[in-house]
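1. The following block contains a protein sequence and its predicted model.
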Amino acid sequence: MLNKTNPLVKSFYHQETCTWTHAVSCPIKKTAAIIDPVLDYNANNGNTSTQFVDKVLAYLENKKMQLKYVLETHAHADHITAAAYIADKIEIKVAIGEQIQSVQKTFKSIFNFDDAFKTDGSQFHALLNHGDELKLGECMISILYTPGHTNDSITFIAGESVFVGDTLFSPGYGTARCDFPGGDAKKLYQSVQKIYALGNNKKLYLCHDYPPQTRIPQAWFYSSQQQKENIHINANTLEKDFVQMREKRDETLNQPKLIIPAIQVNIAAGNFPKPESNGKTYLKIPVDVLGKKENHTL
């Protein structure tokens with residue numbers, strides 16, 4: 001007999017950004033949610049496409065699933081969300097962690113947005129807090145607040161499936177960076193402990209996988225495998241050692257390639273800025289603001 005607490009999960013890999021988008025559905029009531037959908041974006045010319053996310057929507061349509069939610073684990077810095085595109089097509093709710101408000105305040109200042117940009121999270125249909133639950137047919141999705149990578153990071157728990165966002169990568173790749181505004185290595189350590197405490201047999205679904213050439217991208221790993229093999233934070237890793245490692249490593253990292261367009265769109269629930277007088281939409285590029293300033297010889 002089917003365990004009603006466990007939804008079906010179908011994962012789709014976006015090759016260009018190494019991102020996993022997950023379709024989570026109740027096989028009894030035929031209702032579904034999409035976690036971390038990706039909008040195709042060409043950084044060379046600024047063109048967008050919905051080819052990838054259309055495959056996800058087609059899968060749900062073929063399975064006769066009614067989409068109810070788009071769920072974001074956090075405001076991503078490495079890909080643009082397709083949440084607004086989906087919401088324009090289908091009557092759904094787009095939800096994210098309640099702390100998106102603090103992320104909006106931070107980046108409103110960085111990008112010097114005008115007063116029309118709201119920092120109360122109202123661009124989203126629902127703001128989620130630790131302990132909240134979403135009903136998905138006969139399945140329940142509960143919310144675990146897991147800050148550290150970003151201040152708005154949350155984890156979705158649906159039966160034996162746990163969607164950890166960027167908090168954990170594959171065991172061989174480690175954990176997320178903590179040097180974005182609002183990031184905190186100590187908080188990330190504590191968040192991983194909360195995830196590990198959910199149980200060894202939980203399937204921890206990733207938002208990203210950067211596999212070596214010896215394997216194909218993998219959507220999930222058992223918690224027991226992460227606790228045994230994760231190169232940054234296994235079951236025996238001490239907090240002080242993790243924080244020291246994470247902060248030292250973060251000092252060497254470049255900013256994600258898509259952080260400038262992604263953050264502007266993602267903190268607005270996937271909505272691009274309104275078209276200007278010529279009917280075209282534009283994104284800002286802050287100069288000498290994000291990351292370390294480099295010296296260049298011309």
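-> Now that the structure is in, tell me what you want to look at.

2. centroid residue for this protein?
-> Closest to where the C-alpha atoms of the chain average out (C-alpha atoms, centre = their mean) is residue 73, at 4.1 Å.

3. Give me the secondary structure label for that residue.
-> coil (DSSP: H, G, I helix; E, B strand; the rest coil).

4. So what does it have for phi and psi?
-> phi -70, psi -20 (degrees, to the nearest 10).

5. Provide a list of residues in contact with it.
-> 35-36, 97, 153-156, 163-166, 207 (C-beta atoms under 8 Å, 6 or more residues apart in numbering). The C-beta positions use only the backbone N, C-alpha and C, and glycine is treated the same way.

6. Let's see the pLDDT reported for it.
-> We have a pLDDT of 98 for residue 73.

7. Which of the contacts of residue 73 fall in strands?
-> 35, 97, 154-156, 163 (DSSP state E).

8. picking that back up, so what's the predicted local confidence for the nearest residue to the residue nearest to the centre of the chain once chain neighbours are set aside?
-> Leaving aside its chain neighbours, residue 73 sits nearest to residue 165 (2.9 Å; criterion: C-beta to C-beta, 6 or more residues apart in numbering). In this prediction, residue 165 carries a pLDDT score of 98.

9. rewinding a little: could the ones in strands among the contacts of residue 73 go into TSV alongside distance to residue 145 and neighbour count?
-> Putting the ones in strands among the contacts of residue 73 into TSV (distance: C-beta to C-beta, whole Å; neighbours: other C-beta atoms under 10 Å) gives the following:
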residue	distance to residue 145	neighbour count
35	16	24
97	7	31
154	6	29
155	8	25
156	11	26
163	14	28
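
10. Columns distance to residue 241 on top of these, output as TSV?
-> Shown next, in TSV, are the ones in strands among the contacts of residue 73 (distance: C-beta to C-beta, whole Å):
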residue	distance to residue 241
35	31
97	28
154	26
155	23
156	29
163	27
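
11. how near is the residue nearest to residue 73 to residue 143?
-> 12 Å (C-beta to C-beta, to the nearest Å).

12. which residues are common contacts for these two?
-> In contact with both residue 165 and residue 143: 154-155, using C-beta under 8 Å, 6+ apart.

13. more neighbours, the two?
-> Counting neighbours by other C-beta atoms under 10 Å for residue 165 and for residue 143 shows that residue 165 has the greater number, 26 against 20.

14. Verify the contact between residue 36 and residue 80 for me.
-> No: between residue 36 and residue 80 there is no contact under C-beta atoms under 8 Å: 11.2 Å.

15. So for these two, which sits in the more crowded spot?
-> Neighbour count, other C-beta under 10 Å: between residue 36 and residue 80, residue 36 has more, with 27 against 24.

16. List the contacts of the more buried one.
-> Applying C-beta under 8 Å, 6+ apart, the residues contacting residue 36 are 19-22, 71-73, 76, 81, 163, 165, 207.

17. Just put the residues you listed in a markdown table and tack on distance to residue 184.
-> Listed next are those as a markdown table, based on distance: C-beta to C-beta, whole Å:
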| residue | distance to residue 184 |
| --- | --- |
| 19 | 23 |
| 20 | 24 |
| 21 | 27 |
| 22 | 26 |
| 71 | 23 |
| 72 | 20 |
| 73 | 17 |
| 76 | 18 |
| 81 | 23 |
| 163 | 21 |
| 165 | 15 |
| 207 | 19 |
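
18. Buried members of those into PyMOL, please.
-> Buried residues among the contacts of residue 36 (16 or more other C-beta atoms under 10 Å), as a PyMOL selection:
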select buried, resi 19+20+21+22+71+72+73+76+81+163+165+207
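
19. Which of the contacts of residue 36 sits closest to residue 186?
-> Comparing the contacts of residue 36 against residue 186 with C-beta to C-beta places residue 165 closest, at 17.9 Å.

20. ok, the closest one touching residue 74?
-> Yes: contact criterion C-beta under 8 Å: residue 165 and residue 74 qualify, at 5.4 Å.

21. what do the two both touch?
-> 149, 153-154.

22. residue contacts, residue 55?
-> With C-beta under 8 Å, 6+ apart, residue 55 has these contacts: residue 12.
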